[in-house]
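Q: structure of the sequence below:
(one chain, ligands or ions: 2)
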Amino acid sequence: MISGKIGFIGAGKMASAIAQGVVRAGVAKAGQISASARTEQTLAQLSESIPGVETTKSNTAVAEQSDLLILSIKPQVMATVLPEIRSAVRPQTLVVSVAAGVTLEHLAKAFKRGVRLVRVMPNTPCLIGKGACAFALGEHATEDDARLVETLLGAVGEAYPVPEHQLDAVTGVSGSGPAYVYTVIEAIADAGVRAGLPRAVAAQLAARTVAGAAEMVISTGKHPAVLRDEVVSPGGTTAAGLAALERCGVRHALAEAVTAATERSRELGQSS
Ligand SMILES: NC(=O)C1=CN([C@@H]2O[C@H](COP(=O)(O)OP(=O)(O)OC[C@H]3O[C@@H](n4cnc5c(N)ncnc54)[C@H](O)[C@@H]3O)[C@@H](O)[C@H]2O)C=CC1
Ligand SMILES: O=C(O)[C@@H]1CCC=N1
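A: Ligands and ions are numbered 1, 2, ... in the order given. This next block holds a predicted model:
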């Protein structure tokens, strides 16, 4: 259980996924959570999905009252929000940023000296408790802070401590990763429809195949290549399918996606 007030600056998709996940897991109550955003619409959506959450358009009000303050705004908005909340953040408040690219050094410069900071890269499956997250502690963060972040992220998925310089690659793999996987699911389902399956059946089969295969990797601990071999019959259907996949360069396409997203995370860090 997390004690004290949890504040979100920014109440969009990522804040909502974490807040809902945390409440659903029973690690915090809705009444402990407050959130600020620029538009009434995102605040109304958050209140609807988590009844009892306090919402406001005042970032300083949330910053002042939070024991754990989660910056869940776009990296491009940091430049306006950080100076605004600087004086409102109390010395005992732990500040967590989920923004892609924005470095601990950049955040430390924006706040008063000694502020305890943690940089996190979550992903949207936090909403259903299946997040894959990584985090890095700032200079002044303590072991208690690490435990608090592990409790927060552990409630919404798995959390891995990494050196900060690896967080851009984490963004390329798991932060942006769900979007690649949705594209893969959509493509498999579309091809299933083309091959004659009803849309609803194709969509379920595609999604459950991805989920099942991922769960096999996680629960058996086997290398994906070993698990793949178990599917491939000599002269069979899978060998034909895999040959087509390799001809179309699927490995290269996915590697390029991870590399481009990692690079973009670094760029966002430099320009924020
Ligand atoms: N969506 C995702 O899959 C992931 C997002 N992130 C990070 O999470 C952060 C938020 O992303 P999303 O939730 O996707 O964006 P979003 O666009 O859904 O939410 C952004 C929120 O910030 C609010 N906002 C805008 N200007 C503001 C201001 N001046 N003061 C206070 N609030 C303001 C908006 O009203 C909105 O509620 C980003 O930094 C992103 O890099 C990290 C991992 C995954
Ligand atoms: O697209 C983005 O920039 C954010 C960060 C990781 C996932 N969504």
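
Q: every contact and neighbour count from this point should use C-alpha atoms.
A: Noted.

Q: tell me the secondary structure at the residue sitting furthest away from the middle of the chain.
A: Most distant residue from the mean C-alpha position of the chain: Gly235, 40.9 Å away (C-alpha atoms, centre = their mean). Classification of Gly235 by DSSP: H, G, I helix; E, B strand; the rest coil places it in coil.

Q: mind pulling up the pLDDT for it?
A: Here, the pLDDT recorded for Gly235 equals 98.

Q: also Ser272?
A: For Ser272, pLDDT reads 70.

Q: start at 33 instead
A: All right, first residue 33 from here; so that's Ser304.

Q: pretty sure it sits against Val113.
A: No: at 11.4 Å, Ser304 and Val113 do not qualify as touching, with contact defined as C-alpha atoms under 8 Å.

Q: before we move on, the earlier item: list the contacts of the residue farthest from the centre of the chain.
A: Shown in contact with Gly267 (C-alpha atoms under 8 Å, 6 or more residues apart in numbering): no residues.

Q: that one and ligand 2: what is the separation?
A: Counting by C-alpha to the nearest ligand atom, to the nearest Å, the gap from Gly267 to ligand 2 is 40 Å.

Q: touching ligand 1 at all, stretch 144-162?
A: Yes: applying C-alpha under 6 Å from any ligand atom, one finds stretch 144-162 in contact with ligand 1 at Met153, Pro154, Asn155, Thr156.

Q: looking at those, which are in strands?
A: Met153 (DSSP state E).

Q: state the mean pLDDT of the helix or strand hosting Ser66.
A: Assigned by DSSP states H and E, Ser66 belongs to strand 65-68. Mean pLDDT, computed over strand 65-68, is 98.

Q: surely Ala168 meets Met153?
A: No: at 9.0 Å, Ala168 does not count as touching Met153 under the criterion of C-alpha under 8 Å.

Q: quick check: neighbours shared by these two?
A: Leu199.

Q: which residue ranges make up each domain of the protein?
A: 38-200, 209-301 (automatic domain parsing).

Q: name all residues that make contact with Ala49.
A: Applying C-alpha under 8 Å, 6+ apart, the residues contacting Ala49 are Thr156, Pro157, Cys158, Leu159, Ile160.

Q: hmm, the first one is touching Ala47, no?
A: No: contact criterion C-alpha under 8 Å: Thr156 and Ala47 do not qualify, at 9.4 Å.

Q: from the contact counts, what lies against the helix or strand that contains Lys141?
A: In this structure, Lys141 sits in helix 136-142 according to DSSP H and E. Judged by 3 or more C-alpha pairs under 8 Å, 6 or more residues apart in numbering; DSSP states H and E, helix 136-142 is in contact with strand 148-153.

Q: export only the CA atoms of the next helix or strand after the strand it packs on, formatted as CSV.
A: Counting by DSSP H and E, the next helix or strand C-terminal to strand 148-153 is strand 163-169. Extracted in CSV, the C-alpha atoms of strand 163-169 (Å, rounded to 0.1, in the frame of the first residue of the first chain):
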residue,chain,number,x,y,z
GLY,A,163,3.1,-3.2,-17.8
ALA,A,164,6.8,-3.7,-18.7
CYS,A,165,8.6,-0.8,-17.0
ALA,A,166,12.1,0.3,-16.2
PHE,A,167,13.4,3.0,-13.9
ALA,A,168,16.5,4.9,-12.9
LEU,A,169,17.0,6.7,-9.6
